[in-house]
Each structure stands twice: as C-alpha cells, then as structure tokens.
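Chemist: take a look and give me a structure for this.
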Amino acid sequence: MSFPSNVPLDSLQSSVRQFVLEHAARCKPAKIHVCDGSEEENQSLVTFLIQKGSLVKLSKHENSYLARTKKADVARVEKRTFICTEKKEDTVTEPRPGVKSKLGHWKDVAEMDADLNAKFTGSMAGRTMYVLPFCMGPIGAPLAKIGIQLTDSAYVVCCMRIMTRMGAHVLKVLGDGPFIKCVHSVGQPLKPGEKDDDFWPCNPDNITIAHFPQRNEIKSYGSGYGGNSLLGKKCFALRIASTLAQKEGWLAEHMLILGLTNPRGQKRYIAAAFPSACGKTNLAMLEPTIPGWKVECVGDDIAWMKFDKDGRLRAINPENGFFGVAPGTNYKSNPRAMDTIQTNTIFTNVALTGDGGVYWDGLEDEVPEGVSITTWKGQENWQELSKQDKKANPAAHPNSRFCTPISQCPIIDPRWEDPEGVPIDAILFGGRRPKTIPLVYEAFDWDHSVFVGASMRSEATAAASDVKKGELLNDPFAMRPFFGYSFVQYMKHWLGLKERGESDGLKLPKIFHVNWFRKTPEGKFIWPGFGENIRVLDWILRRCDGEDVAQLSPLGLVPKPGTINTEGLAPVDMDTLFELPKAELEQEVKDIERYFDEQLPGQLPPRIAKQLDDFRERVAKM
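Modeler: As a prediction, the model looks like this:
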C-alpha cells in the first residue's frame, strides 16, 4: 500500500539522506516513505493498520483506535536494554563480586554493532521503511533536540505523530544541523510473496534496545511496544538526553511539570520524579479539593531543565503527548485524563466494550450494565466471569496505555510550549512506600537533597516486564531504568549544581519527598490521595515562601502538627501518616547502606557517604 507524502527522498538534506540510504542498504525494505506528518498521511496509515487487523476503530471515541500486542511484547524489557560505550565505567557502576548490577546494562560498542548489524540485515524485507523527522521540545526552543527515526512499523509512525512534533516542518528547522539517529525494526521480515497480515509483527526472543551516547544513536530491534519502539520517548528523552545534559550543563529527568496557583493568585511551578505507574499523570492533572486553587499541566513524564541567565531553573516538556497507564484511571482518580482521551487517542492492550468503547480496571462504574467486554487477549464476554476469575485474568493488561495529544488536556498550562520553559521552585521525589516513609518531608540542604533522590525506593509496578511487581526496589531519582551514564557521575552532576549555585548565583529549587501510598497494618491506604494531594502541595509551597511550618526529624523537615490544611477532609490518621518507627528507620539505613555497598563499592561520592553517616546518627539519637 502506498501512502501520500510531500517529501521526496531526494529532497532530504545530504546528512539525513545518507543516514536513510545507509540503513536501507542493510535493512532492505521494499520501499521508503518519508513522513510529512499530515492528516492525510496519518489516515492512510490508520486505514492500512485497520485492514491488517492491527487497529480496531472505536465507534464511541472520535478518531480513536485500539491496538492489541502479542502477549510477549507488552512492556519495556530492561534486561535487554543497553548503553554502549568504549569504557564500561562510563555507563555502569562496578558492583561487588557475585552481585548483579541493578543500575543499567552495558555492552561494548563493537560487540553490539556486530550483533545489531546481523539482526538488522534484511530485517525490513517486504516492508516499508518509514522516515520520521521529529523534534523533542517546542520547535525553536533553546533546549529542543531533533531526531530522525527509521522504522518498519506504521503503528510507531501513528504514535510518534502524537508523542512528538513530527513531520516535514522539522526538516526545515534542522537544516544542516545535527540530529539523533534512531533505527527501529520489528524484526519480522517478509519472504518474497508473503502477505503482510500479522496483526502485531515482532520478534520477542531477540529484542535488543541499544543506545550509543558517543554517536548520539539509538537502535531497537524485535519489539513493537511503545516504550521499546517510540524512540523519542525514554530512549531519546532520558537515556541519550541525560548524557547530553551532563555534557552541556542541564538536566534531563523522569519528572512531571505542574503549574499551581493559590487562592491569592500567586503561581508557581514544580517538578516531580516518581517511578513509572506511581501517579505522575494523576498528579500532573490534579483536581484540587481546596477551593481557590488552580492546577495546570505542563507535562506528566519527562522534564528537560536548564538554568537561565538570571539563575532560575526552567523546565520544558520535550514530549507532545501523554503515554499514560490506563488501569486505575477513571473519573474519580483523574477526570482530566479521562476528558483528554475521549478523542484522537490510540489505546494499546485495553479491553473493548460491545458499544465501541474501552475498558480497564477502575472503569467498573463507568460501563453500562449489560455491555459486553472483550479482553486485550481477545476473550469475549469477560463480564460474565466470576470475581475470582476476573482478578486472575484482568480484562486489560496492567501496563495497557493511552497515547493522546497533550493539547487536548482541559487544564493544559498556557506556557506549556514556552520555548524558554517555566520556572521551577520545588522538586518532589516519591514512590510507593507502604510503611516507614511519611506523607511529606523536606530536604535539609542541597547535599541532603541529592541523597534523598539517590536513596529513593519504591514498590515495583507492571511498567517493566522483567521485575517482580510489589518488590521494593531502589530507584534513584526515578531514573534507575533510564540512566544514560554512570549513576556515580549522575550524582556528581547533581552535586555540582551546589558549586555552580555559589559561583554563578543559581537559585536552587527546594527538594521534597512525598509518599501517597502508606498503608495500615491491614493493607489499606491511609491518605486518600488524588485531589487531596493539593493539601501537601499547599504545605510545600508555603515552605517555598519561607513559612515556619516545619520541624526537624531524622528524615528531614516534616510538617508541624496542624500545618497541613485538613479543612473539609474526611478523618485521616495523621499521627500514623507521620509516624517514624525507630526500628524501621534503622532498617532503612541498613538497606540504603547495603545497596550503596553492593552496587557501587568504593565509588560513592564522599558527600553522599557523609549524608548516609548523618542519617544513621540522627536515627541512633531517636
């Protein structure tokens, strides 16, 4: 099938054309299509995907579609994701002998080149190679970066058109400038005469996602799933961008960006780093329960931040869409997200309702009685199963997703595409901690801030396929799966901001840690979360204003009793929320110490080691 395009291959600038032809010679596609990003092109691709069974049109949602992947291709595959450099120490820390590294995977450049050259040889036979020019960040912004992705997946093209600024206009901005080289193949070539009728081509046994920071290059083979195939997302915007940020003096972080206006009309922006599936999107689209507050969304997943000429930290959202986790999203937990995804959305691995809509865990009260449900695996009449069978076989995959334009968000911040970015006053770290860690605390100073980020821990979620859900994992800065270079150097990069602040007059943001997920011994959440989180944000911003509403604790500065606004809040056991059991904190110290000792023995920056010693001493004095 041919697709309309206004960009002939011969019209590409020489550097781009050479990149395309070099890989076309190896991958051997049947044809090459340069994407112009037009609506006409997009509708042609959608029609093609519907015809081959890759997409189902949703009659209940305008211009929206459902994709179902194969069971072996449903999430990021961390163990097959590599950073490739000449020196191993540039990429990963050296753990103790006999200890498995949990801070990324390294492979020698020459070894990976040989492996991928073999895999990509003929990988696109019988298929179309799509050439995607895309920009991360508002076009023309000082921090914006351009990439060119080659892919043999029309699904990837449609999703990248949502997630990035993609099309012919990007080529005009690029000119003869540098770009990130991105190559992706599903790894399922067609034999001569073979029909392209596989609804989800992939090669799960040979999935490889490789990053080459020194060449500004990404290669992904074998997977069609978004986190592995939409190379502008985690691969570019975090792993490659973090290496660029280190070299160029900025930050590329796994953080949402949120605008908050208090009842007095004062507006501030915050960023927040949580592991995947820990509530970033819900917080980014918060519906505040305290009257007079206004919340506006700049981004829900990734922040690129740089200090301006006046020393203020400014952030842009490099993405153009939301790639959110569907289960748990509903009109109670996140009404703004639900409004956003009603049109122009690609859903992946959610369930299909008989009236042409979608379903996942959390939508039980929003699907009319009697409507049939077909699971992401194609099992019909799921609604008739017993409660026990439904729990054992969820209708939607736990990592099912919606891919939707940010511009549709009803609370999109008017400055979300400001090329200079928005000023950041506070950064939040957080994760799923069922015990030990209080609702909120503030770091003492900058070194302690870096220690708080470096020692983050959270229960694992379904966002990665090769970790055990519910296991308590160290996830420093919520970047554990996304570091583009050594964690030791990463900490030093953050620590170095203190010296830059002193010499260059930088205004460093305040740092906080939050935990919405503390539970009772019976396993019930203590804090109601969602819109009530505005009460915590209110306290945080009052601290940014210098209000005397905090007191010392071994972890950091916690709210003084009664300083969190609870007016109108249903009864909450605030004492338990902020309880700091000495035995649990002693174990926390031991666990952090063990992690640092096993994962980076002898490599921990001395300033972080001192913070650990200070933490141990504070706990001992309890």
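
Chemist: got a list of what the residue lying closest to D447 once chain neighbours are set aside touches?
Modeler: With CB to CB, 6 or more residues apart in numbering as the criterion, D447 has its nearest non-adjacent residue at 5.1 Å, and that residue is R607. No exception for glycine: its C-beta is placed from N, CA and C like everyone else's. With contacts taken as CB atoms under 8 Å, 6 or more residues apart in numbering, R607 has the following neighbours: 447, 450, 495.

Chemist: try it again with 10 Å
Modeler: If you count contacts by CB atoms under 10 Å, 6 or more residues apart in numbering, R607 has them with 446-448, 450-451, 491-492, 495, 498.

Chemist: quick one, which of those has the minimum pLDDT?
Modeler: Checking pLDDT across those, the minimum falls on K498 at 94.

Chemist: show me where pLDDT drops low in the protein?
Modeler: Filtered on pLDDT under 70, the chain yields the residue ranges 1-2, 4, 461-470.

Chemist: quick check: closest non-adjacent residue to the residue nearest the centre of the chain.
Modeler: Per CA atoms, centre = their mean, the C-alpha nearest to the average position across the chain is that of D301, at 4.5 Å. Distances taken as CB to CB, 6+ apart place K280 nearest to D301, at 6.1 Å, with adjacent residues excluded.

Chemist: and the one you found, how many residues sit next to it?
Modeler: 25 (other CB atoms under 10 Å).

Chemist: residues touching it, list them.
Modeler: K280 sits in contact with 254-256, 258, 272-274, 299-302, 324-325, 430, 478, where contact means CB under 10 Å, 6+ apart.

Chemist: check G311 too.
Modeler: Residues near G311 by CB under 10 Å, 6+ apart: 500-501, 504-508.

Chemist: now, which of these sits nearest S333?
Modeler: L508 (32.9 Å; CB to CB).

Chemist: wait, that closest one touches L313, no?
Modeler: Yes. With contact defined as CB atoms under 10 Å, L508 and L313 form a contacting pair (7.4 Å).

Chemist: quickly list what's touching both of those two.
Modeler: Shared contacts of L508 and L313, defined by CB under 10 Å, 6+ apart, are found at 307, 424, 427, 497.

Chemist: one step back: top of the contacts of K280 by neighbour count?
Modeler: For the contacts of K280, the largest number of neighbours (other CB under 10 Å) sits with M255, at 30 neighbours.

Chemist: hmm, that residue is touching A478, no?
Modeler: Yes. With contact defined as CB under 10 Å, M255 reaches A478; the gap is 7.6 Å.

Chemist: which residues are in contact with both of these two?
Modeler: Shared contacts of M255 and A478 (CB under 10 Å, 6+ apart): 272-274, 280, 429.

Chemist: and those, which two are furthest apart?
Modeler: Greatest spacing in the shared contacts of M255 and A478, by CB to CB: K280 and F429 (11.9 Å).

Chemist: identify the contacts common to these two.
Modeler: In terms of CB under 10 Å, 6+ apart, K280 and F429 are both contacted by the residues 255, 272-274, 478.

Chemist: so which of those comes closest to E194?
Modeler: For those, the closest approach to E194 (CB to CB) belongs to A478, at 43.1 Å.

Chemist: and the gap between the closest one and S458?
Modeler: Between A478 and S458 the distance is 8 Å, computed by CB to CB, to the nearest Å.

Chemist: for L428, same thing?
Modeler: 13 Å.

Chemist: quick check: neighbours shared by these two?
Modeler: With the criterion set as CB under 10 Å, 6+ apart, the overlap between the contacts of L428 and S458 is F274.

Chemist: send me the helix or strand hosting A583 as CSV with only the CA atoms.
Modeler: When secondary structure is defined using DSSP states H and E, the element that contains A583 is helix 582-599. C-alpha atoms of helix 582-599 as CSV (Å, rounded to 0.1, in the frame of the first residue of the first chain):
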residue,chain,number,x,y,z
LYS,A,582,12.9,3.7,65.1
ALA,A,583,13.3,0.1,64.2
GLU,A,584,12.0,0.7,60.6
LEU,A,585,14.3,3.7,60.2
GLU,A,586,17.3,1.6,61.4
GLN,A,587,16.4,-0.9,58.8
GLU,A,588,16.1,1.8,56.2
VAL,A,589,19.6,3.0,57.0
LYS,A,590,20.9,-0.6,56.7
ASP,A,591,19.1,-1.2,53.4
ILE,A,592,20.4,2.0,51.8
GLU,A,593,23.9,1.3,53.1
ARG,A,594,23.7,-2.3,51.7
TYR,A,595,22.5,-1.0,48.3
PHE,A,596,25.3,1.5,48.0
ASP,A,597,27.9,-1.0,49.2
GLU,A,598,26.8,-3.8,46.8
GLN,A,599,26.1,-1.6,43.8
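
Chemist: mind listing what's buried in stretch 304-311?
Modeler: Under the neighbour-count criterion of 16 or more other CB atoms under 10 Å, stretch 304-311 has 304-307 buried.

Chemist: sort out for me which of the shared contacts of K280 and F429 are in strands.
Modeler: Counting by DSSP state E, the shared contacts of K280 and F429 place 272-273 in strands.

Chemist: dump the shared contacts of K280 and F429 to JSON lines, plus distance to G232.
Modeler: Below are the shared contacts of K280 and F429 laid out as JSON lines (distance: CB to CB, whole Å):
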{"residue": "M255", "distance to G232": "17"}
{"residue": "A272", "distance to G232": "22"}
{"residue": "A273", "distance to G232": "20"}
{"residue": "F274", "distance to G232": "21"}
{"residue": "A478", "distance to G232": "19"}
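
Chemist: list just the nearest of the shared contacts of K280 and F429 to Y595.
Modeler: Sorting the shared contacts of K280 and F429 by distance to Y595 puts A478 at the head of the list, at 15.4 Å, by CB to CB.

Chemist: who's in contact with that closest one?
Modeler: 253-255, 272-276, 278, 280, 429-431, 453, 456, 458.

Chemist: list just the nearest of those to V589.
Modeler: The shortest approach to V589 among those belongs to M456, at 14.7 Å (CB to CB).

Chemist: that closest one contacts A272, correct?
Modeler: No. Here M456 does not reach A272: they are 12.0 Å apart, not a contact under CB under 10 Å.

Chemist: can you list residues touching both of those two?
Modeler: When contacts are counted by CB under 10 Å, 6+ apart, the set common to M456 and A272 consists of 429-430, 478.

Chemist: closest to H33 out of those residues?
Modeler: Comparing these against H33 with CB to CB places A478 closest, at 36.6 Å.

Chemist: show me what the closest residue in space to that closest one that isn't next to it in sequence is bridged to.
Modeler: Among residues not flanking A478 along the chain, A273 sits closest, at 4.1 Å (CB to CB, 6+ apart). Beta-bridge partners of A273, counted by DSSP bridges, are F429.

Chemist: between L508 and L313, which one's more packed in?
Modeler: Neighbours of L508 and L313, each counted by other CB under 10 Å, are more numerous for L313; the result is 24 against 18.
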